[in-house]
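Visitor: The following comprises the amino acid sequence and a computationally predicted model.
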Amino acid sequence: MIYWHLFLAFFWPGILGYGGGPASIPLVEHEVVDRYQWMTVNEFSEVLAIGNSLPGPIATKMAGYIGYEQAGVLGAAVAVFASVAPSLMLLLALLQLLYKWKDAPQVKRLTAYIRPAIAVMLGIMAIDFFRESYEGAGLVQTVFLAAASALLMFGKWRIHPAYVIALALVYGAVFLSS
């Protein structure tokens with residue numbers, strides 16, 4: 001029964017918490033503190049503080065921690081799944097709808113309008129990454145990593161970008177950490 005309660009405790013805030021993790025925090029608190037009494041308000045605030053100090057979505061971090069505290073690894077998995085299930089269900093429904101209407105002229109136009117915006121956002125992100133790399137590692141290291149990455153991905157080796165990123169992380173850990 002604990003797994004079902006964990007699922008419900010994080011599923012309902014995921015549905016009702018319009019605005020993402022921060023908007024669902026009071027709803028999670030109601031479930032965890034008031035309804036199921038797994039924690040006190042003070043304990044919940046400590047979990048919230050720890051969750052805010054870590055990178056990533058707050059709702060899934062809290063779900064994982066609370067689920068683990070209540071029912072171990074399986075409880076953490078159930079709680080995290082429940083916190084992302086509403087978004088996952090909506091995404092699948094929207095993808096099904098998009099697939100159904102993929103040949104409609106309106107969808108093709110929408111896609112054509114979105115592509116340039118995505119390209120601009122990716123370009124801005126790349127420039128920001130380059131600037132941060134230049135400021136953190138210097139011009140020589142930045143140019144070396146960019147050139148080596150381009151050669152590995154687009155040269156005769158055609159290495160998958162995930163592996164190139166992993167290699168760059170190893171390079172940075174070995175040669176750039178100080």
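Guide: Nice, I can see it.
Visitor: Point out where the chain drops to low pLDDT.
Guide: 178 (pLDDT under 70).
Visitor: The helix ranked longest in it: how far from the chain's middle?
Guide: The residue-count maximum for a helix in the chain (DSSP state H) belongs to helix 58-100. Centre-to-centre, helix 58-100 and its host chain are 12 Å apart (CA atoms, centre = their mean, to the nearest Å).
Visitor: what helices or strands is it leaning on?
Guide: helix 2-16, helix 21-29, helix 41-53 (3 or more CB pairs under 8 Å, 6 or more residues apart in numbering; DSSP states H and E). Heads up, the C-betas are built off the backbone N, CA and C, glycines and all.
Visitor: wait, which of those helices is closest to residue 74?
Guide: Closest to residue 74 of the helices and strands packed on helix 58-100 is helix 2-16 (CB to CB; 6.9 Å).
Visitor: could you give the angle of the closest one to helix 58-100?
Guide: Counting by axes from the mean of the first three to the mean of the last three CA atoms, to 10 degrees, helix 2-16 lies at 70 degrees to helix 58-100.
Visitor: Tabulate the CA atom coordinates of helix 2-16 in PDB.
Guide: What follows is helix 2-16, C-alpha atoms only, in PDB (Å, rounded to 0.1, in the frame of the first residue of the first chain):
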ATOM      1  CA  ILE A   2       2.900   2.400   0.600                       C
ATOM      2  CA  TYR A   3       3.800   2.300  -3.000                       C
ATOM      3  CA  TRP A   4       0.300   3.300  -4.000                       C
ATOM      4  CA  HIS A   5       0.400   6.100  -1.500                       C
ATOM      5  CA  LEU A   6       3.800   7.300  -2.700                       C
ATOM      6  CA  PHE A   7       2.400   7.300  -6.300                       C
ATOM      7  CA  LEU A   8      -0.600   9.300  -5.400                       C
ATOM      8  CA  ALA A   9       1.300  11.700  -3.200                       C
ATOM      9  CA  PHE A  10       3.500  12.800  -6.100                       C
ATOM     10  CA  PHE A  11       1.100  12.200  -9.000                       C
ATOM     11  CA  TRP A  12      -1.600  14.600  -7.900                       C
ATOM     12  CA  PRO A  13       0.900  17.500  -7.400                       C
ATOM     13  CA  GLY A  14       2.300  16.800 -10.800                       C
ATOM     14  CA  ILE A  15      -1.200  17.100 -12.300                       C
ATOM     15  CA  LEU A  16      -2.400  20.100 -10.300                       C
END
